[in-house]
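# just the structure for this:
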Amino acid sequence: MQELPEDLLFDTILYIDVLEHIEAHAAELDAARQHVAVGGYIVVLSPAFQFFYTPFDEAIGHYLRYRRQDLKALTPKNCRVANAFYL
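Below you'll find the predicted structure:
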């Protein structure tokens, strides 16, 4: 996790095929929340369904795959899920 200046805020933070590579994913999202402006978004796109986890996932550094409810459970304090769906 890279440290950012405390006052640096973004309208949107994107995690596109990234979160599954971070073992401390809840801490990562909580840290990201600190840098989202009021009314901003954290967008997460990641592989779905742990039952699809294969040796390939492990080889490329995935810790796990997610279900909607898994990602919803990682919602940082003072945030809400605007939408959650499978592609």
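# all contacts plus neighbour counts: C-alpha atoms, from now on.
Noted.
# quick one: the residue of the chain most remote from its centre from E20, how far?
Using C-alpha atoms, centre = their mean, the residue of the chain lying farthest from its centre is P55. It sits 21.9 Å away. Between P55 and E20 the distance is 14 Å, computed by C-alpha to C-alpha, to the nearest Å.
# now T54
13 Å.
# more neighbours, the two?
E20 (22 against 11; other C-alpha atoms under 10 Å).
# per-residue pLDDT, the more buried one?
Predicted confidence (pLDDT) for E20: 97.
# surely it meets H62?
Yes. Using C-alpha atoms under 8 Å, E20 is in contact with H62, at 5.2 Å.
# what's the residue lying closest to L64 once chain neighbours are set aside sitting at in phi/psi?
Excluding the flanking residues, the one nearest L64 by C-alpha to C-alpha, 6 or more residues apart in numbering is E20, at 5.8 Å. Main-chain torsions, E20, degrees, to the nearest 10: phi -70, psi -10.
# can you check F49 too?
phi 70, psi 110.
# distance of it from D17?
Taking C-alpha to C-alpha, one finds F49 at 14 Å from D17.
# check the burial of the residue nearest to H62 when sequence neighbours are not counted by counting its neighbours.
Distances taken as C-alpha to C-alpha, 6+ apart put H21 closest to H62, at 4.7 Å, once the chain neighbours are dropped. Applying other C-alpha under 10 Å, we find 17 residues neighbouring H21.
# just Y63 next, same as before
16.
# let me know the pLDDT of it.
As predicted, Y63 sits at a pLDDT of 96.
# for P5, same thing?
89.
# helix or strand for it, which one?
Take DSSP states H and E as the rule and P5 turns out to sit in neither a helix nor a strand.
# so how many other residues sit close to it?
So P5, with other C-alpha under 10 Å, has 7 neighbours.
# where along the protein do the strands fall?
Using DSSP state E, the strands of the chain run over 10-16, 36-45.
# what about V43, neighbour count?
14.
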